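[1] what follows is a predicted structure for the sequence shown.
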Amino acid sequence: MDTRASLIDVPHYPSQAMLKRFVLPLALACASFFAGASAYGQNHPDHSPLVTGPGGQVGIYGPNGKFIGIDDDPETVLGGSFGNPFALQRQATVIERNIFSITIDANLIPGSDWNEEFLVGIPNTPIHPTPVLVAFHGYGKRPTDVLADSDLFPMGMDRGWIVVAPLGAHEYNYGIEYSQRNVETALTVLATMIAPNFGLTVDADRFYAVGFSMGGGAAASFAARHCDANSGLHFAATAIHTGPTSLSYTYETDKPPYKLQALFNSPKMFGGPPSDPLLAFDYSRCSSMDIDPADLSIDSTTEMLKNLAPTPLISHYVLGVNSAYDELNRQTAMTYVEHANLGGTGTMWVEHGTKHKWRTLAQGPLLQIFGGLSSQAPADAKTFSTLADRDGGWHCFEVSQAVPRVLSPFEWTKDSVSNSVMVTEVANIAALNLPSPIGVGLDTTANLTYHFNTADSVPVKLIIGEYMVEPQTVLRGKDPGNYSFDLGTSELILHEPASDGFVTWRITP
């Protein structure tokens with residue numbers, strides 16, 4: 001057993017025997033999550049299941065043309081060498097028919113010191129392309145507990161979806177940064193290697209997240225930090241089952257024997273309390289929000305939950321589980337629904353009682369809701385707040401921070417009718433790229449208006465993609481604006497000086 005997995009004195013599951021080692025072609029550090037993924041799905045069609053096979057059988061075929069788990073042994077199908085310059089290796093263990101446990105070595109996961117174990121369920125009758133349900137386990141649990149304690153695997157697989165249950169580094173991870181890196185890697189391996197090995201292509205616009213207890217907070221945090229609709233990982237909907245989502249609140253309201261404080265103070269976790277100025281950012285970036293334990297007020301400047309506003313959210317919580325968390329669950333559930341309604345869909349389910357279990361969640365109705373949802377371009381004339389904690393894709397934008405390890409907020413609105421975009425309250429951003437205006441309903445072959453203001457004194461490059469030729473005129477206000485044009489990348493770059501004023505750029509193609 002890997003000694004890195006021991007954070008507190010709790011027995012751990014023994015490592016499962018490895019059936020087969022094989023090599024995966026994966027450029028984790030330099031490849032986008034989905035090759036060729038487009039920005040936001042539009043009018044996503046319903047996919048009928050694949051029906052093939054001798055005598056009209058329906059099933060999943062391996063590379064040798066035989067049914068996996070029926071005609072052929074899964075170990076045989078999963079074996080073989082595929083070649084990889086990064087020499088990425090994984091372990092595959094058959095849990096039961098069409099459900100496999102995969103292990104990725106820690107030294108192959110950027111920014112993490114932990115192996116990642118995750119379960120993958122492959123449907124017999126898949127939808128093409130195939131939706132993915134990601135289930136986050138509770139405190140002290142492992143992926144196998146999702147399989148044993150919930151019905152998500154059989155229900156999801158029966159719908160033709162791939163179901164994934166990641167470990168997230170270890171059983172007590174609380175969605176910490178390195179845990180999310182482990183989950184990122186697991187989902188990248190799924191999309192780039194595992195699914196194709198079964199003849200499947202994951203549906204980039206139909207990833208769904210659901211989590212229980214600690215996993216509810218982890219699911220919300222992960223979805224809020226993975227919303228890159230251009231070419232990266234993003235979720236069509238998120239469901240949280242009784243999951244406190246403020247790690248600072250969790251720390252401050254811990255009671256004797258202060259088990260959670262000891263966990264968070266561990267150098268293998270945060271290494272100290274959230275009151276430490278050097279650690280406050282680490283707590284905030286992996287929380288949905290920071291809640292004051294005294295009055296339950298929410299710190300709007302660190303509320304990562306804002307990032308989930310454009311997508312549907314479902315919050316379910318059980319009253320009577322833990323008095324310290326009942327009010328927090330109520331408060332966060334109401335906030336989830338408030339933000340979800342901005343995206344057009346918000347649901348809150350309340351269960352009275354003391355059954356703190358996966359199955360208190362109405363899993364069938366939940367998956368029915370998920371099944372009707374896919375990622376869509378943001379609604380016109382809706383203002384969304386985004387909070388970036390690092391460089392990368394955030395909704396339809398690409399962010400380059402001015403200073404790392406500082407949150408970077410901005411608000412944005414797009415209107416396809418007026419062919420305009422408004423970006424305001426920008427802070428700690430050196431470059432803000434809108435790489436695919438067409439993907440959000442804007443037209444670069446027509447007159448386009450860009451309204452902008454900043455909340456700090458950092459100069460910003462406003463980059464707009466999909467300009468095939470240099471525009472005829474680019475005005476900032478009434479005067480010619482300072483801009484550059486890159487024909488090679490089809491990018492128009494508006495050079496916005498340090499200013500806290502509101503300006504309007506007008507671009508004539």
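    Now that the structure is in, tell me what you want to look at.

[2] going by C-alpha atoms from here, please, whenever you check contacts or count neighbours.
    Noted.

[3] buried ones in the helix or strand harbouring Pro365?
    Element membership for Pro365 (DSSP states H and E) is helix 363-371. For helix 363-371, the buried set under the neighbour-count rule, 16 or more other CA atoms under 10 Å, comprises Gln363, Leu367, Phe370, Gly371.

[4] average pLDDT across the very next helix or strand once past that helix?
    Counting by DSSP H and E, the next helix or strand C-terminal to helix 363-371 is strand 384-388. The average pLDDT within strand 384-388 is 94.

[5] how far out from the middle of the chain is the helix or strand that strand 384-388 is followed by?
    Downstream of strand 384-388, the next assigned helix or strand under DSSP H and E is strand 392-395. Centroid displacement of strand 392-395 relative to its chain, using CA atoms, centre = their mean, to the nearest Å, is 11 Å.

[6] which other helices and strands contact strand 392-395?
    strand 227-228, strand 397-401 (3 or more CA pairs under 8 Å, 6 or more residues apart in numbering; DSSP states H and E).

[7] let me see the contact set for Leu373.
    By CA atoms under 8 Å, 6 or more residues apart in numbering, the contact list for Leu373 reads Arg206, Ala236, Ala237.

[8] ok, the second one - how many residues close by?
    This means Ala236. 27 (other CA atoms under 10 Å).

[9] tell me the bridge partners for Val163.
    Gly121, Leu133 (DSSP bridges).

[10] contacting residues for it?
    With CA under 8 Å, 6+ apart, Val163 has these contacts: Leu119, Val120, Gly121, Ile122, Val132, Leu133, Val134, Ala135, Leu152, Phe153, Gly156, Met157.

[11] tell me the pLDDT of it.
    98.

[12] over to Leu313?
    84.

[13] just checking, it touches Thr238?
    Yes: with contacts counted by CA atoms under 8 Å, Leu313 reaches Thr238, the gap being 5.1 Å.

[14] quick one, strands of the stretch 401-509 of the chain?
    Along the stretch 401-509 of the chain, the segments classed as strands by DSSP state E, counting those that start in this stretch run 408-415, 420-426, 429-434, 448-454, 460-464, 473-476, 479-480, 483-486, 491-496, 503-508.

[15] oh, I was asking about the stretch 151-300 of the chain
    Counting by DSSP E, counting those that start in this stretch, the strands of the stretch 151-300 of the chain are 162-166, 202-212, 227-228, 237-241.

[16] I'd say Ser436 and Ile463 touch.
    No: with contact defined as CA under 8 Å, Ser436 and Ile463 do not form a contacting pair (10.4 Å).

[17] Glu425 and Ser499, how far apart?
    11 Å (CA to CA, to the nearest Å).

[18] what touches both of those two?
    Listed as contacting both Glu425 and Ser499 by CA under 8 Å, 6+ apart are Asn453, Thr454.

[19] neighbours around Lys478, how many?
    For Lys478, using other CA under 10 Å, the count is 10.

[20] which one of the contacts of Leu373 sits closest to Pro273?
    Ala237 (31.8 Å; CA to CA).

[21] quick one on the thing from earlier: which of the helices and strands packed on strand 392-395 sits most buried?
    Counting by mean count of other CA atoms under 10 Å, strand 227-228 has the highest mean neighbour count of the helices and strands packed on strand 392-395, with a mean of 23.

[22] which strands and helices sit next to that one?
    strand 392-395.

[23] Provide the strand pairings for the strand it packs on, with the direction of each partner.
    strand 227-228 (parallel), strand 397-401 (antiparallel).

[24] quick one: mean pLDDT for that strand?
    pLDDT averaged over strand 392-395 gives 96.

[25] same question for stretch 253-267.
    Across stretch 253-267, pLDDT averages out at 94.

[26] so how far is it from its chain's centroid?
    27 Å.

[27] next: stretch 477-488.
    35 Å.

[28] name the residues of it that come out as buried.
    Residues Gly481, Tyr483, Phe485 are the ones in stretch 477-488 that count as buried (16+ other CA under 10 Å).

[29] need the pLDDT of the first one.
    Going back to what we said before, that points to Gly481. Note on Gly481: pLDDT of 95.

[30] skip the chain neighbours and tell me the closest residue to it.
    Leu475 (4.9 Å; CA to CA, 6 or more residues apart in numbering).

[31] ok, now how distant is that neighbour from Pro509?
    In terms of CA to CA, Leu475 sits 12 Å off from Pro509.

[32] closest one to Pro293 out of the contacts of Val163, please.
    In terms of CA to CA, no member of those lies closer to Pro293 than Ala135, at 28.4 Å.

[33] is that closest one in a helix, a strand, or coil?
    The three-state assignment at Ala135 reads strand, by DSSP: H, G, I helix; E, B strand; the rest coil.

[34] and for it, the neighbour number?
    Neighbours of Ala135 (other CA under 10 Å): 28.

[35] quick one: contacts for it?
    Val146, Leu152, Val163, Val164, Ala165, Pro166, Ala209, Val210, Gly211, Gly215, Ala219.

[36] likewise Ser436?
    For Ser436, the contact set (CA under 8 Å, 6+ apart) comprises Ala39, Asn230, Cys396, Ile464, Gly465, Glu466.

[37] roughly how far does it sit from Thr445?
    Ser436 is 13 Å from Thr445, by CA to CA.

[38] low-confidence ranges in this structure?
    1-91, 244, 320-353, 500 (pLDDT under 70).

[39] re earlier: dump the strands of the stretch 401-509 of the chain into TSV; add distance to Ser297 as well.
    As requested, the strands of the stretch 401-509 of the chain are arranged in TSV below (distance: least, CA to CA, whole Å):
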stretch	distance to Ser297
strand 408-415	19
strand 420-426	22
strand 429-434	27
strand 448-454	26
strand 460-464	32
strand 473-476	40
strand 479-480	45
strand 483-486	43
strand 491-496	35
strand 503-508	33
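
[40] out of those strands, which gets nearest to Phe198?
    strand 429-434 (34.7 Å).

[41] in its sheet, what does that closest one sit against?
    strand 397-401 (antiparallel), strand 460-464 (parallel).

[42] using CSV, lay out those together with distance to Pro471.
    Below are those laid out as CSV (distance: least, CA to CA, whole Å):
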stretch, distance to Pro471
strand 397-401, 21
strand 460-464, 12
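
[43] hang on, the earlier thing: dump the strands of the stretch 151-300 of the chain to JSON lines, plus distance to Asn98.
    Shown next, in JSON lines, are those (distance: least, CA to CA, whole Å):
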{"stretch": "strand 162-166", "distance to Asn98": "10"}
{"stretch": "strand 202-212", "distance to Asn98": "16"}
{"stretch": "strand 227-228", "distance to Asn98": "29"}
{"stretch": "strand 237-241", "distance to Asn98": "25"}
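
[44] which one, of those, ends up nearest to Ile298?
    strand 237-241 (18.2 Å).

[45] can you give the distance of that closest one from its chain's centre?
    Counting by CA atoms, centre = their mean, strand 237-241 comes out at 12 Å from the chain centroid.

[46] export that strand to CSV, keeping only CA atoms.
    What follows is strand 237-241, C-alpha atoms only, in CSV (Å, rounded to 0.1, in the frame of the first residue of the first chain):
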residue,chain,number,x,y,z
ALA,A,237,-25.1,20.1,-14.9
THR,A,238,-24.1,19.5,-11.3
ALA,A,239,-25.9,17.9,-8.3
ILE,A,240,-24.8,18.2,-4.7
HIS,A,241,-26.1,15.9,-2.0
